[in-house]
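>>> Generate coordinates for the sequence data below:
(chains A and B)
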Amino acid sequence: MQYLLLLYAQESGWTNMSKSEQEQGMAAYMAYTQALTTAGALRGSNRLQPISAATTVRNVEGKAQVLDGPYVDSKEQLGGYYLIEAPDLDAALAWAARCPGANHGVVEVRPLWSM
Amino acid sequence: METTGPFSEIQAQARNTAEDVARRSYGKLVAFLAASTRDVAAAEDALSEAFASALLHWPKNGCPANPEAWLLTVARRKSIDTARRRQASGVVDEDIDRIAATLGADTPLDPHIPDRRLALMFACAHPAIEATVRAPLILQVILGLDAATIATAFLVSPATMGKRLVRAKSKIREAGIPFRIPERDDLPARLGTVLEAIYAAFAEGWIDAAGTDPARRDLTEEAFFLARLVVELMPAEPEALGLLALMLHAEARRPARRNGQGEYIPLADQDALLWNSAMITEAESLLHRAQREERIGRYQLEAAVQSAHVHRLRTGRGNWEAVLQLYDSLFALTASPVVAINRALAIAESEGAQAGLDAMPPPHDAGLAEYQPYWAARAALLAGTGAFEPALHAYEIAIGLERDPAVRRFLEGRRTRLGREFSGCIDGLENADEDDAAKKRR
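Numbers count the residues shown, from 1 in each chain, chains lettered A, B, ... in the order given. Okay, here's the model as predicted:
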């Protein structure tokens, strides 16, 4: 099965970090990505730009309504994702628990529709 | 025409056999059918169709030598049919291959059906399943209880319970929750959620302490069946043994919890001769077995507390220090405010009401303000320190929160008695005043 791990965290947490802390953080993500790749579980991954770069679009009566900002203005923001292959939910949860994002935020685990 | 003679006998036998298999093996068959697909709802549907055919075929052709294998074969055929129909209607379904593979894996009449009930219970009590639905889910998929019966026991509407159960079953299938006994590292925590669900089922049955509501009463028996099943399948898990011991202790005292008039009798006033001593003996031996594993846990400690209460009341020898130690360990383990209340009551027994009152958790802790035993305990402790008015107030709240009429009457009795003592005191004071006044007049 494929699962999408959605990484939510406070963006300010990252910007408030010192240079060396940020480097450590990056290294942790790289190691995690490497581990997923080695295990053959990684299907895709990306880091998102901060919500200040987000734009929301909704069609209202046939007209596109464009708004500045993210859809949900929450304390923690979606900052990136991993798409992984795992035999079952427990395996996916184990990967989620290893994700550095689970330490400084939350990781939501969502199974994909199997087509 | 009235059916008589051997024909009706065969019919009755067929029905009995079907009922017997349903009771004994329902969960085993569901677990086996759903193990490869994780589709519990489909397994239940296929099995109920298989039971329906059994009631049609068995009276005519006699009961099969292995009814379980017969039901399993028919149920698998039904689920393959369903999957094919879905595929034909354009729904792509990878499950059909898995079902077909399962069918090929075991010969249809293999008399040995592997018992995967435990794995199914672990799926139902998975942390990804909402906590309140775990117990109902286990009751349904392992024992085949219908949503309406479960709903009555858990005080929700049948429609709501039905929806929750359907949702939980889809989650198992869609999120890919595995049917597996967890690995060693995860086992203690995950077994904890299974035991918690069984205990919740037991507690729901236990609320009707008089045992007058059949739905609740049944649930207690079902919870025993599940607890014994876990003990049988994991004989070296001390917490499973501890839970069964705890349940046996509670059940053993059921006959003494109400008198002939249906009045509630608190533990300290119970007639020990009314306790079921066979159950207590079994509980004690389970607890010893658990302790030999040397892995202490919540249920073992709670069972040990019950054991200590029984010992004290049977021998008349006070053991509150030992009880307090058990509560200390229990509190260190669970940080449960309910444990804190019991611990405070144990402290009051050995060090006095004020010490007990000081040890009570504050009411804003974890919804204690709505928890009847908290207010009843507070009332008793306050009364013990002579703080009559706050004690009466606390009894008032406790009475307002209780849903069992017998317990409510008991609390009302306590309040009335305290009220009488209180007014007695005031009279006493007034008399003293009068004495004073009389002295002065002289």
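>>> Ignoring the adjacent residues along the chain, who's closest to the closest residue to chain B within chain A?
For chain A and chain B, the shortest gap (Cβ to the nearest Cβ) falls at residue A:88, measuring 3.9 Å. Glycine gets a C-beta too; all of them are placed from N, C-alpha and C. The shortest distance from residue A:88 to any non-neighbouring residue, by Cβ to Cβ, 6 or more residues apart in numbering or on different chains, is to residue B:178 (3.9 Å).
>>> State the helix or strand in which that neighbour lies.
For residue B:178, there is no host helix or strand (DSSP states H and E).
>>> contacting residues around it?
Listed by Cβ atoms under 8 Å, 6 or more residues apart in numbering or on different chains, the contact set of residue B:178 reads A:87, A:88, A:89, A:90, B:38, B:123.
>>> quick one: the fourth one and residue B:181 touch, right?
By that I understand residue A:90. No - Residue A:90 is not in contact with residue B:181 according to Cβ atoms under 8 Å; the separation is 11.3 Å.
>>> These two: which is more packed in?
Neighbour comparison, residue A:90 and residue B:181: the larger count goes to residue A:90, with 21 against 17 (by other Cβ atoms under 10 Å in any protein chain shown).
>>> okay, the more buried one: pLDDT?
What the model reports for residue A:90 is a pLDDT of 91.
>>> And whatever residue of the stretch 101-250 of chain B ends up closest to chain A, how close does it get to residue B:36?
For the stretch 101-250 of chain B and chain A, the shortest gap (Cβ to the nearest Cβ) falls at residue B:178, measuring 3.9 Å. Using Cβ to Cβ, to the nearest Å, we find residue B:178 at a distance of 12 Å from residue B:36.
>>> repeat for residue B:29
Using Cβ to Cβ, we find residue B:29 at a distance of 14 Å from residue B:36.
>>> quick one, which of those two is more surrounded?
Relative neighbour count places residue B:29 above the other of residue B:29 and residue B:36, with 26 against 18, counting by other Cβ under 10 Å.
>>> Does the more buried one touch residue B:71 like I think?
Yes - with contact defined as Cβ under 8 Å, residue B:29 reaches residue B:71; the gap is 6.1 Å.
>>> Just give me the residues shared between the contact sets of these two.
Common neighbours of residue B:29 and residue B:71 are listed as residue B:47 (criterion: Cβ under 8 Å, 6+ apart).
>>> now the end-to-end length of stretch B:323-343.
In stretch B:323-343, first residue to last residue: 8 Å (Cα to Cα, to the nearest Å).
>>> pLDDT of it, averaged?
The average pLDDT within stretch B:323-343 is 93.
>>> Contacts for it, please.
With contacts defined as Cβ under 8 Å, 6+ apart, stretch B:323-343 is touched by B:296-298, B:301-302, B:304-305, B:308-309, B:312, B:346-347, B:349-350, B:359-361, B:365-366, B:368, B:371, B:373-374, B:377.
>>> Quick one, which of those are buried?
In these, burial by neighbour count holds for B:296-298, B:301-302, B:304-305, B:308-309, B:312, B:346-347, B:349, B:359-361, B:365, B:368, B:371, B:373-374, B:377, counting by 16 or more other Cβ atoms under 10 Å in any protein chain shown.
>>> Among these, which ones are in helices?
In helices, judged by DSSP state H, the following of those are found: B:298, B:301-302, B:304-305, B:308-309, B:312, B:346-347, B:349, B:359, B:373-374, B:377.
>>> Beyond the helix or strand of chain B with the lowest mean pLDDT, next helix or strand please.
Of all the helices and strands that make up chain B, helix B:95-105 has the lowest average by mean pLDDT, DSSP states H and E, namely a mean of 51. Next along the chain after helix B:95-105, taking DSSP H and E as the criterion, comes helix B:117-124.
>>> Dump that next one to PDB, restricted to CA.
Extracted as PDB, the C-alpha positions of helix B:117-124 are listed here (Å, rounded to 0.1, in the frame of the first residue of the first chain):
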ATOM      1  CA  ARG B 117      -8.900 -14.200  16.700                       C
ATOM      2  CA  LEU B 118      -6.100 -12.700  18.600                       C
ATOM      3  CA  ALA B 119      -4.700 -11.000  15.500                       C
ATOM      4  CA  LEU B 120      -8.200  -9.700  14.800                       C
ATOM      5  CA  MET B 121      -8.500  -8.400  18.300                       C
ATOM      6  CA  PHE B 122      -5.200  -6.500  17.900                       C
ATOM      7  CA  ALA B 123      -6.600  -5.000  14.700                       C
ATOM      8  CA  CYS B 124      -9.800  -3.900  16.400                       C
END
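>>> of all the residues in chain A, which ones are close to chain B?
Counting by Cβ under 8 Å from any Cβ of the partner chain, the positions of chain A adjacent to chain B are A:1, A:3, A:86-90, A:92-93, A:109, A:111, A:114-115.
>>> Of these, which belong to helices?
A:89, A:90, A:92, A:93.
>>> In terms of helices and strands, where is residue 75?
Picking chain A for this. With DSSP H and E as the test, residue A:75 turns up in no helix or strand.
>>> switch to chain B, that's the one I care about
Per DSSP H and E, residue B:75 falls inside helix B:67-88.
>>> So which elements touch that helix?
The contact analysis (3 or more Cβ pairs under 8 Å, 6 or more residues apart in numbering or on different chains; DSSP states H and E) places helix B:67-88 against helix B:5-35, helix B:40-61, helix B:95-105.
>>> Including distance to residue B:260, could the contacts of residue B:178 go into TSV?
Conversion of the contacts of residue B:178 to TSV gives the following (distance: Cβ to Cβ, whole Å):
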residue	distance to residue B:260
A:87	59
A:88	55
A:89	53
A:90	53
B:38	52
B:123	46
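>>> now that we have those residues, which one has the most neighbours?
Going by other Cβ under 10 Å, residue B:123 tops the contacts of residue B:178 with 30 neighbours.
>>> separation between that one and residue B:246?
Computed as Cβ to Cβ, the residue B:123 to residue B:246 distance reads 25 Å.
>>> And for residue A:83?
Distance, residue A:83 to residue B:246, by Cβ to Cβ: 45 Å.
>>> If you count surrounding residues, which of these two has more?
Using other Cβ under 10 Å as the criterion, residue A:83 and residue B:246 rank with residue B:246 on top: 27 against 16.
>>> what's the helix or strand for that one?
With elements delineated by DSSP H and E, residue B:246 resides in helix B:238-252, which encompasses its position.
>>> I'd like the next helix or strand past that helix.
Past helix B:238-252, heading to the C-terminal end, the next element that is a helix or strand (DSSP H and E) is helix B:277-292.
>>> Perfect, that will be all.
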